[in-house]
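Visitor: sharing a sequence plus its predicted fold:
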Amino acid sequence: MNIAVKPAAQAEVDEAWATPLAELNPARTDRFRNDTIWPVFERLRREDPVHFTPDSEFGPYWSITRWNDIMAVDTDHEAFSSADGIGLANRKQMEEQEAALRAIGQEPRRRGGAGFITMDEPEHSVHRKAVSPTVAPANIQKMSPLVRERAGQILDSLPIGVPFDWVDLVSKELTAMTLATLFDFPFEDRRLLPYWSDMVTNQPGHGPVKSWPHKAQAMMECFGRFEELWTERLDAEPGIDLISMLTHHPETRTMSRDQYRGTVILLIVGGNDTTRNTISGSVYALNKFPTEYDKLRANPDLIVSMVSETIRWQTPLAHMSRVATRDVELGGKTIHAGERVVMWYISGNRDDEIIDDPNAYIIDRERPRHHMSFGFGVHRCVGNRVAEMQLTIIWEEILKRFPRIQVVGEPVRSWSSFVHGFESMQVVIPERL
């Protein structure tokens, strides 16, 4: 694969450097789809690391692009609140989505409302602790043999010598299987989980979303299924799955319907998009950097560090946002109370003041876990070990079976400035070992 900037994208790269800083909107979605975001963040880190966009489809917002500044925001949950949402919401699209929900007799959830990730302390920790045992190391260790068995079945079913979509047949399938186990969701319906995740994170014309009413209807189907699971488990014997944990914990057993729905969305999207896009990203990165692929095949012990390097290099969630609760000085700027602040993890992971040669993909870095893809502070990703377990197992099983997986052309990337991933990626496996 050619890793140079494609000629068709050069105009967009030039534009990123030429646009007046006051007019620069780093969340512009087309740049993420076209993979031309990198010069935007390079410029902001260099020229304006605490940058204000006064007007955009997302409203006004601050962009924080350097590692240390992102850390300062992420670890100060008192000055920067999650209660009003953790992403950038397109205002026009939110209005259209809310109208579609009302048309089917549903009142939209409040802004934020994505489970405990949009709660502040002390409520956040109470809800987070309720689900933590499901993703604790002891339970992950119990799950690992089953994940390995399923990973082997997926890989053994793949065609040899003909192109296929890696995202669909491998990345989505493995994460769907694991999510179904974590929820104790009917296994035969597991592909509903990545489908619902895609319905949440996409807008009409992208992913599976055909229209706002289509999206609204899918969300109600999702909530209906999970409300059935809640009812089933409420008085059943406690299990180790996520729904049982919520129904049997004294603090979450009485949560509101909106809180439960928000938590379901958080767990589906958090458990699906991040892992599946890093699985796809690992294949893509190893093809872009073939010497690293050679290094991995020669030494499979590098899988663990390769997984962490992929999580950094891919950064499956490009940003998280907060709202300032008071005036805060950062980088010589004053962020006023009530203003939205976006932490661009995808930029912090490429900060050359913190990470050597950050644009390169180097699977044997000295500190491979030194990245910010899981966030920091009280909101650090609760399922990070589950993600690492799945990635490690799938690559251990890949190396037992295939000398090489070849990416055929550029993948189709997600239409999103939040989920940094792939809609599809064609690959060919030339032969089995």
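Guide: Yes, it's here. Residues are numbered from 1 along each chain as shown.

Visitor: right, and the helix or strand after the lowest-mean-pLDDT helix or strand in the chain?
Guide: Every helix and strand of the chain was ranked by mean pLDDT, DSSP states H and E. The lowest is helix 123-131, at a mean of 68. Using DSSP states H and E, the helix or strand that follows helix 123-131 towards the C-terminus is helix 137-156.

Visitor: which elements pack onto that next one?
Guide: helix 173-183, helix 384-401 (3 or more C-beta pairs under 8 Å, 6 or more residues apart in numbering; DSSP states H and E). (Each C-beta comes from the backbone N, C-alpha and C, glycine too.)

Visitor: burial measure for Ile240, as a count.
Guide: Counted with other C-beta atoms under 10 Å, the neighbours of Ile240 add up to 16.

Visitor: hmm, Ile140 and it touching each other?
Guide: No: the criterion here is C-beta atoms under 8 Å, and Ile240 misses it with Ile140 at 11.1 Å.

Visitor: can you tell me the element Gly239 falls in?
Guide: Going by DSSP H and E, Gly239 is not in any helix or strand.

Visitor: got phi/psi on it?
Guide: phi -110, psi -180 (degrees, to the nearest 10).

Visitor: OK, contacts around the nearest residue to it once chain neighbours are set aside?
Guide: Distances taken as C-beta to C-beta, 6 or more residues apart in numbering place Asp184 nearest to Gly239, at 6.2 Å, with adjacent residues excluded. Contacts for Asp184 (C-beta atoms under 8 Å, 6 or more residues apart in numbering) come out as 229, 239, 241, 243-244.

Visitor: and the pLDDT for Asp184?
Guide: For Asp184, the pLDDT comes out at 90.

Visitor: quickly note the distance from Tyr284 to His214.
Guide: 30 Å (C-beta to C-beta, to the nearest Å).

Visitor: so between the two, which is more surrounded?
Guide: Taking other C-beta under 10 Å, Tyr284 and His214 do not tie; Tyr284 has more neighbours (24 against 14).

Visitor: checking the more buried one next. Helix, strand or coil?
Guide: helix (DSSP: H, G, I helix; E, B strand; the rest coil).

Visitor: can you get me a residue count around Val162?
Guide: When neighbours are counted by other C-beta under 10 Å, Val162 comes out with 8.

Visitor: give me the pLDDT value at it.
Guide: 97.

Visitor: and for the one 3 residues further on?
Guide: According to the prediction, Asp165 has pLDDT 98.

Visitor: not counting its neighbours along the chain, what's nearest it?
Guide: Ser424 (4.9 Å).

Visitor: equivalent analysis for Arg297, please.
Guide: Closest to Arg297 by C-beta to C-beta, 6+ apart is Leu399, at 6.7 Å.

Visitor: what of Glu173?
Guide: Ile154 (5.4 Å).

Visitor: what about Glu15, which helix or strand?
Guide: With DSSP H and E as the test, Glu15 turns up in helix 7-18.

Visitor: so what secondary structure elements neighbour that helix?
Guide: helix 29-34, helix 38-47.

Visitor: got a list of what Ile104 touches?
Guide: 213, 216-217, 220.

Visitor: need the residues you listed in JSON lines (columns: secondary structure).
Guide: Below are the contacts of Ile104 laid out as JSON lines (three-state DSSP):
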{"residue": "Pro213", "secondary structure": "helix"}
{"residue": "Ala216", "secondary structure": "helix"}
{"residue": "Gln217", "secondary structure": "helix"}
{"residue": "Met220", "secondary structure": "helix"}
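
Visitor: mind putting those residues into JSON lines with neighbour count, pLDDT and distance to Asn90?
Guide: As requested, the contacts of Ile104 are exported to JSON lines (neighbours: other C-beta atoms under 10 Å; pLDDT from 0 to 100; distance: C-beta to C-beta, whole Å):
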{"residue": "Pro213", "neighbour count": "16", "pLDDT": "90", "distance to Asn90": "18"}
{"residue": "Ala216", "neighbour count": "22", "pLDDT": "89", "distance to Asn90": "16"}
{"residue": "Gln217", "neighbour count": "17", "pLDDT": "92", "distance to Asn90": "20"}
{"residue": "Met220", "neighbour count": "15", "pLDDT": "91", "distance to Asn90": "21"}
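
Visitor: so Lys288 makes contact with Asn359?
Guide: No: using C-beta under 8 Å, Lys288 is not in contact with Asn359, being 10.7 Å away.

Visitor: those two: which is more packed in?
Guide: Set side by side, Lys288 and Asn359 give different neighbour counts by other C-beta under 10 Å, the larger being at Lys288 (16 against 11).

Visitor: now the strands for the stretch 251-400 of the chain?
Guide: Secondary structure of the stretch 251-400 of the chain (DSSP state E, counting those that start in this stretch): strands at 319-324, 328-330, 333-335, 340-344.

Visitor: any weak-confidence spans in this structure?
Guide: Where the chain drops to pLDDT under 70, the residues are 1-9, 106-122, 124, 126-128, 130-131, 134, 379-380, 382-383.

Visitor: against which helices or strands is the one helix or strand Val200 maps to packed?
Guide: Using DSSP H and E, Val200 falls within helix 192-201. Other elements packing on helix 192-201 under the criterion 3+ C-beta pairs under 8 Å, 6+ apart are helix 173-183, helix 212-234, helix 257-288.

Visitor: let's have these in CSV, adding distance to Arg33.
Guide: Compiled in CSV, the helices and strands packed on helix 192-201 are given as follows (distance: least, C-beta to C-beta, whole Å):
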stretch, distance to Arg33
helix 173-183, 22
helix 212-234, 19
helix 257-288, 14
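
Visitor: for Ser63, which of those helices is the nearest?
Guide: With respect to Ser63, and counting by C-beta to C-beta, the nearest of the helices and strands packed on helix 192-201 is helix 257-288 at 21.4 Å.
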